[in-house]
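>>> Kindly generate the corresponding structure for this input.
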Amino acid sequence: ALEDPSEPVRAAVMAAGSAVMDVHGTQHVGLLLPVFEHRLNQTSSSKQQEGGALSYEEEMVADRVREGTAVFLGSLARHLPAGDPKVVAILDMLMDVLRTPSDAVQRSVANCLPNLVSSLDAEHKAKQIAFLIDMAIKGEKFADRRGGALGLAGGVKGAGISSLKQMGVMDALKVAVEDKSNAGAREGALMAFEALCERLGRLFEPYVIHILPMLLVCFGDAQQAVREYTEDAAKAIMGQLSGQGVKLVLPALIKGLEDRQWRTKVGSIQLLGAMAHCAPRQLSTCLPTIVPRLSEVMNDTHAKVQYSATTALQQVGAVIRNPEVQVLVPGLLKAITDPNSETRVCLDTLLQTVFVNTVDAASLALIVPVLIRALRERSTELKKKSAKIVGNMSSLINDPKDMVPYVPLLLPELKKVLVDPSPEVRAVAGKAFGSLLSGMGEEHFPDLVPWLMDTIKAQRLGPDGRKGLSEVIAVLGMEKLDELLPGVLEGCSHKLVCVRDGHLTLLRYLGPTLEMRFEPYLKRILPAILDGLS
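I've put the predicted structure just below:
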């Protein structure tokens with residue numbers, strides 16, 4: 001049954017076999033071990049007995065059997081008492097299986113190792129870890145190095161996180177990754193970093209900051225295979241980072257962008273691009289910092305730096321989950337790389353797009369820089385379109401927290417367009433403020449209403465801006481109006497004509513905006529309006 005080509009069938013067989021080991025394994029270890037050993041060493045065909053090569057189909061069958069047998073061995077060993085010599089015998093068999101050139105087989109063996117290694121005494125643990133280190137960095141074949149890397153991660157999991165330092169794991173991998181004369185050793189060390197990160201998860205995070213300088217160097221390695229394994233390791237590391245890990249790593253990578261050496265810049269850029277593989281919560285935290293910095297280095301004088309930055313932004317675009325934005329990624333990247341000629345086209349495309357799905361953090365990371373650039377343009381049309389998109393976007397976000405990092409970037413630009421000379425721009429900006437408050441809540445804009453009121457008094461908020469303030473008040477509710485109304489009425493009788501005009505105009509817009517909710521306030525407001533008429 002282990003030879004069955006159907007993966008669900010094999011999974012069911014392995015689960016059934018593991019259950020049998022759990023129930024009867026302890027009593028029948030002596031009987032079962034020779035069976036498994038024979039099965040692992042058994043040739044798959046008479047062709048191999050004669051020294052011939054196995055066909056592809058025969059190799060696949062043999063790998064399936066080895067995978068299942070390794071699972072059974074791991075289940076069997078789990079019930080052996082600590083210190084039992086049979087554990088060492090089983091480990092010896094599994095180390096041989098670990099050399100099989102099959103990722104599924106190697107991973108099955110690696111999954112068995114934590115329980116086995118944890119049952120060893122300190123001396124045997126150290127020997128096992130040392131063997132796996134040598135296998136990972138000194139293995140002659142790729143399968144040996146790959147199996148050693150996966151096995152090392154499983155062994156460290158069993159020996160405990162302290163073994164990374166106490167048993168010299170990190171020191172050995174550092175020496176290997178810095179060995180310029182041995183590309184195989186560098187490959188093995190990088191695969192080990194990837195496997196350790198996947199196996200240990202957040203427990204491995206304290207070591208990440210020490211690995212980053214090595215990865216920065218390996219991204220520029222002369223060997224293509226080493227560069228590919230560096231990228232794989234970077235993706236695995238970034239995918240496991242916690243929020244604290246992102247805060248720890250990001251400054252070092254940003255600093256690398258300022259280095260004079262172009263290779264260091266390229267390495268930092270590639271690691272920043274790999275951060276696109278962070279968990280969604282961490283992604284929303286780091287992308288607002290990453291994308292603008294990547295946009296800046298796209299103008300670097302070195303062609304490889306420019307290319308790496310473009311590739312990194314494409315990695316960000318690749319993790320976008322919104323299907324509508326996925327289609328827009330090429331246009332967004334063009335607008336980021338060539339804003340002078342592509343921004344207008346990109347804004348038009350965004351306005352024409354009908355969004356059915358919510359916008360995720362990765363989408364915002366590419367859209368917001370384009371909007372900020374457009375809000376800073378001299379063109380009235382671009383500012384108006386950008387402000388309109390900002391307002392529309394607030395109703396499309398699934399989690400307001402995804403938008404929070406962009407508020408400090410968008411707010412100053414929206415404030416500028418709210419006092420723009422163009423009435424149309426001011427009107428759209430006012431609506432955008434109302435939409436943002438409606439979608440995200442007042443707590444993210446604590447200074448907005450005081451700023452709007454101060455702007456009225458300073459005579460810098462035109463009629464459309466006052467209309468925007470009325471829409472903001474409508475979103476915040478009648479309690480906010482109760483809080484602001486005494487100051488508004490006081491402003492209606494200010495000694496300066498322009499201040500009186502500003503507050504009276506605000507009252508004019510509050511009526512149509514609030515509609516029937518405004519009726520209870522008429523008795524308090526009419527005297528101020530009548531005084532203004534006189």
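>>> how about the strands in the stretch 401-534 of the chain?
Remark: no strands are assigned in the stretch 401-534 of the chain by DSSP state E, counting those that start in this stretch.
>>> so where's it uncertain?
Along the stretch 401-534 of the chain, segments meeting pLDDT under 70 span 457-465, 468, 534.
>>> all helices of it, in order?
Assigned by DSSP state H, counting those that start in this stretch, the stretch 401-534 of the chain shows helices spanning 407-418, 423-440, 448-457, 463-476, 478-491, 497-514, 522-533.
>>> Serialize those helices to a markdown table and add fields for distance to residue 195 and mean neighbour count.
(Each C-beta comes from the backbone N, C-alpha and C, glycine too.) Conversion of the helices of the stretch 401-534 of the chain to a markdown table gives the following (distance: least, CB to CB, whole Å; neighbours: other CB atoms under 10 Å):
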| stretch | distance to residue 195 | mean neighbour count |
| --- | --- | --- |
| helix 407-418 | 39 | 18 |
| helix 423-440 | 41 | 22 |
| helix 448-457 | 50 | 18 |
| helix 463-476 | 51 | 23 |
| helix 478-491 | 56 | 15 |
| helix 497-514 | 60 | 18 |
| helix 522-533 | 71 | 12 |
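>>> Nearest to residue 144 among these would be which one?
Within these, the stretch nearest residue 144 is helix 407-418; the backing value is 50.4 Å (CB to CB).
>>> and the angle for that closest one with helix 448-457?
Using axes from the mean of the first three to the mean of the last three CA atoms, to 10 degrees, the direction of helix 407-418 lies 20 degrees away from that of helix 448-457.
>>> Check which helices and strands helix 407-418 sits against.
Using 3 or more CB pairs under 8 Å, 6 or more residues apart in numbering; DSSP states H and E, the elements in contact with helix 407-418 are helix 361-375, helix 380-393, helix 423-440, helix 448-457.
>>> What lies in contact with it?
Residues outside helix 407-418 that contact it (CB atoms under 8 Å, 6 or more residues apart in numbering) are 288, 368, 371-372, 375-376, 383, 387, 390, 425-426, 428-430, 432-433, 436, 440, 444-445, 448, 451, 455, 461, 465, 468.
>>> can you give me the offset of it from its chain's centre?
27 Å (CA atoms, centre = their mean, to the nearest Å).
>>> Then stretch 501-516?
For stretch 501-516, the distance to the chain centre is 45 Å (CA atoms, centre = their mean).
>>> Residues touching that stretch, excluding its own?
Stretch 501-516 has contacts (CB under 8 Å, 6+ apart) with 456-457, 459, 461, 463, 466-467, 469-471, 473-474, 481, 488-489, 491-492, 494, 518, 525, 528-529, 532.
>>> And the residue nearest to residue 420 when sequence neighbours are not counted, how far from residue 224?
Residue nearest to residue 420 in three dimensions, not counting chain neighbours: residue 426, with 5.5 Å by CB to CB, 6 or more residues apart in numbering. Distance of residue 426 to residue 224, computed by CB to CB, to the nearest Å: 56 Å.
>>> circling back: will you turn the helices and strands packed on helix 407-418 into a markdown table that also has distance to residue 242?
Compiled in a markdown table, the helices and strands packed on helix 407-418 are given as follows (distance: least, CB to CB, whole Å):
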| stretch | distance to residue 242 |
| --- | --- |
| helix 361-375 | 16 |
| helix 380-393 | 28 |
| helix 423-440 | 25 |
| helix 448-457 | 32 |
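>>> and of those, who's closest to residue 208?
helix 361-375 (21.5 Å).
>>> tell me what the closest one is packed against?
helix 280-297, helix 303-318, helix 323-337, helix 339-352, helix 380-393, helix 400-403, helix 407-418.
>>> now that helix, how far from the centre of its chain.
Relative to its chain's centre, helix 361-375 lies at 17 Å (CA atoms, centre = their mean).
>>> For it, give the mean pLDDT please.
Across helix 361-375, pLDDT averages out at 90.
>>> Which secondary structure element of this protein has the lowest mean pLDDT?
helix 46-49 (a mean of 41; mean pLDDT, DSSP states H and E).
>>> so what's the most centrally placed residue in the chain scoring on pLDDT?
Among the residues of the chain, the one closest to the centroid is residue 278, at 2.5 Å (CA atoms, centre = their mean). pLDDT, residue 278: 79.
>>> ok, now residue 82?
At residue 82, pLDDT is 69.
>>> Thought residue 454 was touching residue 469, still the case?
No - using CB atoms under 8 Å, residue 469 is not in contact with residue 454, being 11.2 Å away.
>>> What average pLDDT does the helix or strand residue 110 falls within get?
Using DSSP states H and E, residue 110 maps to helix 103-118. What helix 103-118 shows for mean pLDDT is 86.
>>> Can you name the next helix or strand after it?
helix 122-138.
>>> contacting residues for residue 70?
With contact taken as CB under 8 Å, 6+ apart, residue 70 is in contact with 94, 97, 105, 108-109, 112.
>>> Next, count neighbours for residue 115.
When neighbours are defined as other CB atoms under 10 Å, residue 115 has 18 of them.
>>> In contact with it, which residues?
Applying CB under 8 Å, 6+ apart, the residues near residue 115 are 74, 77-78, 158.
>>> can you do 10 Å?
The contact partners of residue 115, by CB atoms under 10 Å, 6 or more residues apart in numbering, come to 74-75, 77-80, 87, 154, 157-158.
>>> any chance of the residues you listed in JSON lines, plus distance to residue 138?
Shown next, in JSON lines, are the contacts of residue 115 (distance: CB to CB, whole Å):
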{"residue": "74", "distance to residue 138": "25"}
{"residue": "75", "distance to residue 138": "31"}
{"residue": "77", "distance to residue 138": "26"}
{"residue": "78", "distance to residue 138": "30"}
{"residue": "79", "distance to residue 138": "34"}
{"residue": "80", "distance to residue 138": "30"}
{"residue": "87", "distance to residue 138": "25"}
{"residue": "154", "distance to residue 138": "19"}
{"residue": "157", "distance to residue 138": "22"}
{"residue": "158", "distance to residue 138": "22"}
